[in-house]
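A.B. asks: sequence? don't have it. structure:
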């Protein structure tokens, strides 16, 4: 098991957001986390990536404890993420955005930069090459010099994925990557997610509301409701689980399209 | 539910990135189109060849000037070059990392006092005293930066203001710093037998310092660290998610800014041969910040321009006598009115 959450509980001012969650993602898996709005999915991402500190429980990545670590330390250990509402560095170029991901894999300091040491120059070249390779991977080569904010929305989402891949993660967390994409782009996203796993060996954990996409791409699905995991299994099992159907009753149309 | 008819996905809003709405008022900066005089002027210096020519021209002017002008001009220009070093240092803190610092003169003071005390009272060689002075400034940067960098920018500004005043009051009340009258008879340095003492000597020392500060700024800006400052300034959370330690990154900006300030202070003290707490007043911090904001935060040539304007402006207006500061203030206001993001703002496209 690559990522493991044990009895994780999180609450804000007495409101329970996550309750005794036990959850795991296998290496090299495409795993989805679904559930009605407000179920605590994004909170779970924030707990995993160190943005929130759970009151209880333990989280490990490859056997290493990551709970109570700062987000940047979690990223260095191998978990990368995207955000629900795209959070690129808007006024910077696409290439500079992706280069951000390489920061935690490089180490040249101020003195090396001021003196332009050979090691620093080699490192800068490597940052550039890796970043361009990641941009190529999401099929955005040629856009690298544009300002991130000037890109079409679907492209911005892909830049965010490229930036996350540039951190060379073991596990990639995607928070609603299909939100706002048209059906054509969704199809491309499904292929991209598969290629991330197949070609780069990165496990993917996905929060998504688009059920056809979830059913199509996932190998395993976990369902969260009111902060608790109610079921887990392959798409077929989850789709027919009465507890899941119950959890979704009363939700909006988009969710019902399961 | 599984049986319910699949609804079409909600109307896709793919082709119209709603994200454009924020910068609609500054599209002229990003999109090709009618450009104003300033932009055309600055664009002329964007190509590497022209930039190199400009560098050579400016360097030539700097080298020749003291031979064709009065000693008075040389002294004023030396002061302007000192400001270039200080402003480039503060630019790293304010312009790159986005941390408002109202007490920058404190680092300037730490550099000046450390080197003066070591050379004058302990007889340490000037060049040997420099590393200690830089370390003291870096330590001051960590002391002020460490506990305060979690504060939002306006609170940080207040704390740095307080820190600047603390340093000045400390210098005024300690015996080792000479109290209110400060330190005098600071020995002049020599380099390979060359005794640096005339105003022209110091002018050239400051030319070298300004050029080095310029090169260092430029190289930092083009490095992994320079980008990290921008990432943290733009979106702290996204930067953290990319594996960037935001506290360490900001602290580095603070420490490097402090070292630039200390270098300015070290050579300022040996140039004048005497320093007093009033050399490092709040007004000094404000003038340095003013130059950075006036020139264009984060834009190296802009900041250099700002430093020259702040130092040379009041001198050029000397003919107006007592009115000169008033006129200078009005000019500054007009500049900020018409160029709100600085004379030569950072343009990212």
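C.D. replies: Sure, I can see it. What you are looking at is a predicted structure, and each value in this text was computed from that prediction instead of being measured.

A.B. asks: contacting residues for residue B:103?
C.D. replies: B:144, B:160, B:161, B:162, B:163, B:164, B:165, B:167, B:282, B:285 (CB atoms under 8 Å, 6 or more residues apart in numbering or on different chains). No exception for glycine: its C-beta is placed from N, CA and C like everyone else's.

A.B. asks: just give the nearest non-adjacent residue to the last one, would you?
C.D. replies: For residue B:285, the nearest residue in space outside its immediate sequence neighbours is residue B:105; the separation is 4.2 Å by CB to CB, 6 or more residues apart in numbering or on different chains.

A.B. asks: quick one, phi/psi of that neighbour?
C.D. replies: Residue B:105 adopts backbone torsions of phi -60, psi -20, taken as degrees, to the nearest 10.

A.B. asks: now do the helices in the stretch 1-150 of chain B.
C.D. replies: B:27-30, B:37-43, B:48-68, B:71-91, B:105-121, B:126-148 (DSSP state H, counting those that start in this stretch).

A.B. asks: scratch that, the stretch 1-150 of chain A is what I was asking about
C.D. replies: Under DSSP H, counting those that start in this stretch, the stretch 1-150 of chain A gives helices at A:41-48, A:71-77, A:94-102, A:110-115, A:118-137.

A.B. asks: buried residues, stretch B:253-267. List them.
C.D. replies: Buried residues in stretch B:253-267, counted by 16 or more other CB atoms under 10 Å in any protein chain shown: B:253-267.

A.B. asks: can you narrow those residues to ones near chain A?
C.D. replies: Restricting the buried residues of stretch B:253-267 to those near chain A by CB under 8 Å from any CB of the partner chain leaves residue B:256.

A.B. asks: quick one on the thing from earlier: how about the helices of the stretch 1-150 of chain A, which one is nearest residue A:196?
C.D. replies: Closest to residue A:196 of the helices of the stretch 1-150 of chain A is helix A:118-137 (CB to CB; 8.2 Å).

A.B. asks: out of the helices of the stretch 1-150 of chain A, which is the most enclosed?
C.D. replies: Burial of the helices of the stretch 1-150 of chain A is given as mean neighbour count (mean count of other CB atoms under 10 Å in any protein chain shown); helix A:94-102 ranks first at a mean of 27.

A.B. asks: of the helices of the stretch 1-150 of chain B, which approaches residue B:308 most closely?
C.D. replies: When these are compared by CB to CB, helix B:71-91 sits nearest residue B:308, at 5.1 Å.

A.B. asks: quick one: distance of that closest one to the chain centre.
C.D. replies: Distance of helix B:71-91 from the chain centroid (CA atoms, centre = their mean, to the nearest Å) equals 11 Å.

A.B. asks: stretch B:127-138 now?
C.D. replies: 19 Å.

A.B. asks: cool, and stretch A:71-84?
C.D. replies: The answer for stretch A:71-84 is 8 Å, by CA atoms, centre = their mean.

A.B. asks: residue A:44 is in contact with residue A:21, isn't it?
C.D. replies: Yes: Residue A:44 sits in contact with residue A:21 when judged by CB atoms under 8 Å, with a separation of 6.9 Å.

A.B. asks: overlap in contacts of the two?
C.D. replies: A:5, A:8, A:224.

A.B. asks: ok, the second one - contacts?
C.D. replies: Contacts of residue A:8 were listed using CB under 8 Å, 6+ apart, and they are A:18, A:20-23, A:44, A:47, A:54, A:56-59, A:67.

A.B. asks: show me where chain B has its strands.
C.D. replies: Under the criterion DSSP state E, chain B contains strands at B:190-191, B:194-195.

A.B. asks: tabulate those (JSON lines), appending mean neighbour count.
C.D. replies: Compiled in JSON lines, the strands of chain B are given as follows (neighbours: other CB atoms under 10 Å in any protein chain shown):
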{"stretch": "strand B:190-191", "mean neighbour count": "12"}
{"stretch": "strand B:194-195", "mean neighbour count": "10"}
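
A.B. asks: closest one to chain A among those strands?
C.D. replies: strand B:190-191 (21.0 Å; CB to the nearest CB).

A.B. asks: relative to the closest one, what are the paired strands and their orientations?
C.D. replies: Strands that pair with strand B:190-191, judged by DSSP bridges, come out as strand B:194-195 (antiparallel).

A.B. asks: so where do the strands sit in the stretch 51-200 of chain A?
C.D. replies: A:56-61, A:64-65, A:79-81, A:171-175 (DSSP state E, counting those that start in this stretch).

A.B. asks: okay if I get those strands as TSV plus mean neighbour count?
C.D. replies: Converted to TSV, the strands of the stretch 51-200 of chain A look like this (neighbours: other CB under 10 Å):
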stretch	mean neighbour count
strand A:56-61	18
strand A:64-65	10
strand A:79-81	27
strand A:171-175	25
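
A.B. asks: out of those strands, which is closest to residue A:163?
C.D. replies: strand A:79-81 (8.2 Å).

A.B. asks: quick one: low-confidence ranges for chain B?
C.D. replies: Where chain B drops to pLDDT under 70, the residues are B:1-38, B:347-349.

A.B. asks: most proximal residue of it with respect to chain A?
C.D. replies: residue B:243 (2.7 Å).

A.B. asks: which ones are touching that residue?
C.D. replies: Going by CB under 8 Å, 6+ apart, residue B:243 touches A:72, A:75, A:76, A:101, A:103, A:104, A:105, A:167.

A.B. asks: now the fourth one: how far from chain B?
C.D. replies: The one in question is residue A:101. Noted for residue A:101: a distance of 5 Å to chain B, by CB to the nearest CB, to the nearest Å.

A.B. asks: apart from its neighbours in sequence, what residue is nearest that residue?
C.D. replies: Using CB to CB, 6+ apart, the closest residue to residue A:101 is residue A:166 (2.7 Å).

A.B. asks: quick check, pLDDT for that neighbour.
C.D. replies: As predicted, residue A:166 sits at a pLDDT of 96.

A.B. asks: now do residue A:254
C.D. replies: 52.

A.B. asks: residue of the stretch 1-150 of chain A with the smallest distance to chain B?
C.D. replies: Counting by CB to the nearest CB, the stretch 1-150 of chain A gets nearest chain B through residue A:104, at 2.7 Å.
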